[in-house]
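K.L.:
Generate coordinates for the sequence data below:
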Amino acid sequence: MDKIDLRKQLKHLYAPSAKAVGVVDVPRLNFLMIDGQGDPNTAPAYAAAVEALYALAYGLKFKVKKAPAGVDYSVMPLEGLWWVQDMSQFSLAHKEAWEWTMMIMQPDFVTAGLFAETLAEVQQKKELPALGQIRFEAYHEGLSAQILHLGPYAAEAPTIEKIHAFIREQGGQPRGKHHEIYLSDPRKAAPEKLRTVIRQPFKR
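P.N.:
A predicted model of the protein is given here:
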């Protein structure tokens, strides 16, 4: 059985340059999503949300693989949309005020019906209250600027400013939510070796 690697298929979205900001047009994609609020470093709801997301993502992967016409695929990386009500006040120094949506992208052959069926099965096996908060939803980000940030999350500010400066130079204006894609597992990688895609939708 061949294994589908969606990160390779969507390389332009999940493997940007670390040297220069690039522009992408992000298509409509399906995600497992869960919402929350507060500092991800301290809010218990954040850890519970991420645990539930991965439990369901792997549940879907194994269910698809075991089906009669089974397909094997790599579970996509964790992603986060981060915002405050007034995005001009968005600051790395005040994460306690952040609202967030954590999400994991799903391949086209994962349907809403399959999501509902697998969710029920995972809920029977695991006592994770946050599972009930997960939804299956399409997200169309559209025109965006992005770059690969190398290093700890706490040192992202210059990278974020670089993206915003690029958008201004293009005659554009940021819109929507700050988006991060976590290519590295912070439990295994040293902070200086973390790889994170930083993305900002914008309008011209």
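K.L.:
Could I get the average pLDDT for stretch 142-151?
P.N.:
Here stretch 142-151 scores 98 as its mean pLDDT.
K.L.:
let me fix that: stretch 181-197
P.N.:
Stretch 181-197 shows a mean pLDDT of 93.
K.L.:
now the helices for the chain?
P.N.:
Along the chain, the stretches classed as helices by DSSP state H are 6-9, 11-14, 44-66, 112-125, 157-169.
K.L.:
List of residues touching the fourth one?
P.N.:
This points to helix 112-125. When contacts are taken as Cβ atoms under 8 Å, 6 or more residues apart in numbering, the neighbours of helix 112-125 outside the stretch itself are 32, 55-56, 59-60, 63-64, 106, 128, 131-132, 134, 136. Any C-beta I mention is one placed from the backbone N, CA and C, and that applies to glycine too.
K.L.:
Widest-spaced pair of these?
P.N.:
Farthest-apart pair in the contacts of helix 112-125 is 64 and 132; separation 22.0 Å (Cβ to Cβ).
K.L.:
These two: which has the busier surroundings?
P.N.:
Just comparing residue 64 and residue 132: by other Cβ atoms under 10 Å the higher neighbour count belongs to residue 64, 20 against 11.
K.L.:
which residue is nearest the middle of the protein?
P.N.:
Taking Cα atoms, centre = their mean as the criterion, residue 79 is the residue nearest the geometric centre of the chain, at 1.3 Å.
K.L.:
ok, now which ones touch that residue?
P.N.:
Counting by Cβ under 8 Å, 6+ apart, residue 79 makes contact with 31, 102-105, 179-182.
K.L.:
Try it again at 6 Å.
P.N.:
Applying Cβ atoms under 6 Å, 6 or more residues apart in numbering to residue 79 gives the contacts 103, 181.
K.L.:
mind checking how far it is from residue 148?
P.N.:
In this structure, residue 79 and residue 148 are 14 Å apart, going by Cβ to Cβ, to the nearest Å.
K.L.:
Could you do residue 69 as well?
P.N.:
When distances are taken as Cβ to Cβ, residue 69 and residue 148 turn out to be 36 Å apart.
K.L.:
Of those two, which one has the most company?
P.N.:
For residue 69 versus residue 148, neighbours defined as other Cβ under 10 Å are more numerous around residue 148 (19 against 6).
K.L.:
Now the more buried one. Nearest residue, chain neighbours left out?
P.N.:
Ranked by Cβ to Cβ, 6 or more residues apart in numbering and with sequence neighbours excluded, the top spatial neighbour of residue 148 is residue 18, at 4.0 Å.
K.L.:
repeat for residue 50
P.N.:
Leaving aside its sequence neighbours, residue 50 sits nearest to residue 102 (Cβ to Cβ, 6+ apart; 5.9 Å).
K.L.:
what about the one you found, distance to residue 198?
P.N.:
Residue 102 sits at a distance of 16 Å from residue 198 (criterion: Cβ to Cβ).
K.L.:
hang on, residue 178 packs against residue 80?
P.N.:
No. The criterion here is Cβ atoms under 6 Å, and residue 178 misses it with residue 80 at 8.5 Å.
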